[in-house]
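Enquirer: Need the 3D shape of this:
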Amino acid sequence: MNWLGDVGRAVRRKKHVSSTQQPSILVRCLSTADLSFVGIGCMLGSGVYILTGEVAAEMAGPAAIISFLIAGIVALFSALCYTECATRFPETGASYLYAYVSLGELIGFLIGWNAIIIRILAVSFVSRGWSAYFDNVIGARVFNFTMDVLLDGAEWEVPLVSSYPDILAGVVSLSATVLVALGTELSAKTGRVFVLINIVTVLMVIAVAFVYADYSHLVKHGGFAPMGYGGIIKGAAAGFAGYSGFEAIAFAAEEAKDPKKGLPISVGLSFVTAILVYMGGAFAITVLADWQNINAASPFVSAFEAVDAKWMSIVIAVGALCSMTGGLIACAYCFARAIFVMGRDGLIPAIFARTSTTSHTPTVATMFGGIISVIASIFVNFVALIEFLSLMIFVEFVIVAMACILMRYNPTRDHCGEERNIEHVVQEQKQRQTCNKELSGEINNDMTYQSDNDQHSTSSSTDVQAPRFASEEITPAEMDKRRPTVTAIIEGHEQSCEYNKDLPAESEVNNHDVANGRSCNRFSASINNESIGELTPLLGSLPPTSSQILCQSEKKPGRLLWSSDNPVKTVLSSLMVFIVSTIVIVWIVSYKMEEIRGDNNVLTFVLMVAAMLAVTGCVPLFMLKQYTDEIPFKVPLMPFIPLLSIVSNIILMMRFEPLTWIELGVWTAIGLVVYFVYGIRHSKEAGTLPITPNRYTQVSKTYS
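Expert: Numbering: from 1, shown residues only. Okay, here's the model as predicted:
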């Protein structure tokens, strides 16, 4: 059954990423303004011209303004988690990367698998919206031509297939794909123009609305919130989808000029702009017309027609088309990067990681995704897939919130491929030596330090010895069963570092400056292609996780020893208890409250137990130490905000029909087949050291 163990280790292996900017085939050409417009373009899309009408006319009435405010704040919780992860790991991949780094390869692959289809179908969906809006402006000439010439007046009646082939939508989708393939800077500048036109249009709509406003509409037919609190929350749930697009900024991390500063600023600017635009749009249509008379399909046009300002319909059409064009470019950019990064990691064929020598963009990934989006734009009926896409987005947000929490509580950064400080290594060594000393009274303090470049460095080496008992003779075979001794090869200069001495700054190490007679702050260990987190602890005295180097001085009184020695495992266990309990609570509150009111003692007991477990699951998160060193942007109020993000997304996920969950299960099953047939065998993380490539030399295994 060894193969089961091999598979288990493979699906749990993690991607190793440096926290510093690394050379990339992609060009860092995006400024903070470019990142902001990418986010705004993806967040607004067609939503501001359609979603505002749906929320106001069918869910919340004039209180749609409050719904969009709540939705924006809740979406911001998820965006903050993305931002911390993106500034910590300035590479493309977004949710796929963060899941791969913190939760392992299988979860990362499935999130990336979902991310690809979400962005491809998003392009197709917006393309059909663009086509429908344009066709409506010109009097449905495209639709009539298609029906008369191509279909002889008979619409298609096939499940999941559109009633007619939307050729115009395919052309629009292809155009956006080609533009993205021509160059990141070109597509960013083009998208900026369309987004600016859209913002100016919305500002003009709001300004004209003030001129024609009848504020009595805000309190007619049931008052400001005719559907009550429930209508506001329902509107917020629908409005949340309008803000899902901020992750486009995270996809651009590897092409940002200054990701550590630019990403947080651009996320903030994008959200402020999007919240104001959505709230302003909802306000405009509800002061222009009675909310009961708003046409949800074309809210702005119907609202201005109600005040005899039909001339605004042309302005609105231009703004809507520009808004959708900007969203198309941003979504096409995202699916290209999602495919590219998985190809680069070997989880899908490496051909998708090929880039153009002239544009420095992943042209193969871009055109492959573009072809699929064109086909979907022409033939797919998206009415049946909208909830499926929304559900995958909410799952993605939950995983990113989990990743953010897990990485914040990790005392070492080996699991995510970052470099460990030599002080931690020495602490680990002292712990091991203390265990040895207690058992045998023998100790060997020396470690091997060696530069990657032997001609510029010297080394003194004495392998760390496993203990011997005075009355016991241990053979090499028996010693191998107990614990192999790790000889660490550490990048640096001169001689070995001594414990409790000042360490050089990272910048000094990177520049190979020598501080206090040495410059060694990097460590890695691997035996037989296994990461350090998988090593058997010396004499079984330390747990086999990256947290085994946690200094005893960091353990605070009152903490459980296992929790402080295994913070990542503890946090992951806590999150799983919290999430499962929250799902049970939300399900009961959403669908079983009538039975509880009818004195159903069993459900009441289950609800109470779930609530207790949810609270208990959070306890370790408030006890364990957070590690915030060298994190450019930190989510405030950790872990409250990520937990709120998880809860809000679970609440939204519970409203989907069982069929939507079945669709997600089928797509996930297809992804599992692809992973186990191809990805697991070709992953670049298979057989690599748990560190950034080309920085370390070797690790050997010796016996005394």
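Enquirer: Just give me the residue right at the centre of this structure.
Expert: Centroid check for the chain by Cα atoms, centre = their mean gives Ser95 as the closest residue, at 2.3 Å.
Enquirer: From Ala403, how far off is it?
Expert: 8 Å (Cβ to Cβ, to the nearest Å). All C-beta atoms are positioned from the backbone trio N, CA, C, and that covers glycine.
Enquirer: ok, for Met367, nearest residue in space, not its chain neighbours?
Expert: Counting by Cβ to Cβ, 6 or more residues apart in numbering, Met367 lies nearest to Ala181, which is 6.2 Å off, once chain neighbours are set aside.
Enquirer: what residues are up against that neighbour?
Expert: Ala336, Ser356, Ser359, Thr361, Thr363, Thr366, Met367, Gly370 (Cβ atoms under 8 Å, 6 or more residues apart in numbering).
Enquirer: mind putting those residues in a markdown table, secondary structure and distance to His682 included?
Expert: Shown next, in a markdown table, are these (DSSP: H, G, I helix; E, B strand; the rest coil; distance: Cβ to Cβ, whole Å):
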| residue | secondary structure | distance to His682 |
| --- | --- | --- |
| Ala336 | helix | 21 |
| Ser356 | coil | 23 |
| Ser359 | coil | 26 |
| Thr361 | coil | 23 |
| Thr363 | helix | 21 |
| Thr366 | helix | 21 |
| Met367 | helix | 22 |
| Gly370 | helix | 24 |
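Enquirer: Is there a quick ChimeraX command that grabs whichever of the residues you listed are buried?
Expert: Buried subset of the contacts of Ala181, written as a ChimeraX selection, criterion 16 or more other Cβ atoms under 10 Å:
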select :336,359,361,363,366,367,370
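Enquirer: a markdown table for the contacts of Ala181, including pLDDT and distance to Gly346?
Expert: Output for those, formatted as a markdown table (pLDDT from 0 to 100; distance: Cβ to Cβ, whole Å):
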| residue | pLDDT | distance to Gly346 |
| --- | --- | --- |
| Ala336 | 94 | 18 |
| Ser356 | 90 | 21 |
| Ser359 | 88 | 24 |
| Thr361 | 92 | 20 |
| Thr363 | 93 | 19 |
| Thr366 | 95 | 19 |
| Met367 | 95 | 20 |
| Gly370 | 94 | 23 |
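Enquirer: my guess is Ala365 contacts Phe352, does it?
Expert: Yes. With contacts counted by Cβ atoms under 8 Å, Ala365 reaches Phe352, the gap being 4.5 Å.
Enquirer: Compare the two and say which is more crowded by neighbours.
Expert: Ala365 (27 against 22; other Cβ atoms under 10 Å).
Enquirer: What helix or strand is the more buried one located in?
Expert: helix 363-379 (DSSP states H and E).
Enquirer: got the contact list for that helix?
Expert: 116, 119-121, 123-124, 127-128, 131, 161-162, 165-167, 169-170, 172-174, 176-178, 180-181, 332, 335-337, 339-340, 343, 351-356.
Enquirer: again with stretch 129-149
Expert: 46, 49-50, 153, 155, 164-169, 172, 298, 317, 320-321, 324-325, 328, 377.
Enquirer: Okay, and which of the contacts of helix 363-379 map to helices?
Expert: Using DSSP state H, the subset of those located in helices is 116, 119-121, 123-124, 127-128, 131, 167, 169-170, 172-174, 176-178, 180-181, 332, 335-337, 339-340, 343.
Enquirer: Starting from the one helix or strand Ile65 maps to, tell me the next helix or strand along the chain.
Expert: Assigned by DSSP H and E, Ile65 belongs to helix 64-88. The first helix or strand that comes after helix 64-88 along the chain, using DSSP H and E, is helix 95-103.
Enquirer: what is the mean pLDDT for that next one?
Expert: The average pLDDT within helix 95-103 is 93.
Enquirer: Start from the N-terminal end of this protein and give the strands.
Expert: 485-488, 526-527, 530-531, 699-702 (DSSP state E).
Enquirer: follow-up on the earlier one: turn the contacts of Ala181 into TSV, columns for distance to Asp290.
Expert: Formatted as TSV, these follow (distance: Cβ to Cβ, whole Å):
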residue	distance to Asp290
Ala336	45
Ser356	54
Ser359	51
Thr361	49
Thr363	51
Thr366	46
Met367	48
Gly370	43
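Enquirer: Now, of the contacts of stretch 129-149, which are buried?
Expert: Counted by 16+ other Cβ under 10 Å, the contacts of stretch 129-149 give 46, 49-50, 164-166, 168-169, 172, 298, 317, 320-321, 324-325, 328, 377 as buried.
Enquirer: and the nearest residue to Cys81 once chain neighbours are set aside, what is it in contact with?
Expert: In this structure, Cys81 finds its nearest non-sequential neighbour in Cys404, 4.0 Å apart by Cβ to Cβ, 6+ apart. Counting by Cβ under 8 Å, 6+ apart, Cys404 touches Cys81, Glu84, Cys85, Tyr98, Val635, Pro642.
Enquirer: List the residues that contact the last one.
Expert: Counting by Cβ under 8 Å, 6+ apart, Pro642 makes contact with Phe77, Cys81, Ala401, Met402, Cys404, Ile405, Val635.
Enquirer: all helices of the stretch 501-650 of the chain, in order?
Expert: 506-510, 561-565, 567-591, 593-597, 601-623, 640-653 (DSSP state H, counting those that start in this stretch).
Enquirer: Show me which parts of the last one are buried, residue by residue.
Expert: Of all the residues in helix 640-653, those buried under the rule 16+ other Cβ under 10 Å are 641-653.
Enquirer: Return the member of those residues nearest to Lys625.
Expert: Pro642 (16.7 Å; Cβ to Cβ).
Enquirer: rewinding a little: and for Ala365 and Phe352, which residues touch both?
Expert: Common neighbours of Ala365 and Phe352 (Cβ under 8 Å, 6+ apart) are Ile339, Phe340, Gly343.
Enquirer: Read off the pLDDT value for Gly139.
Expert: 83.
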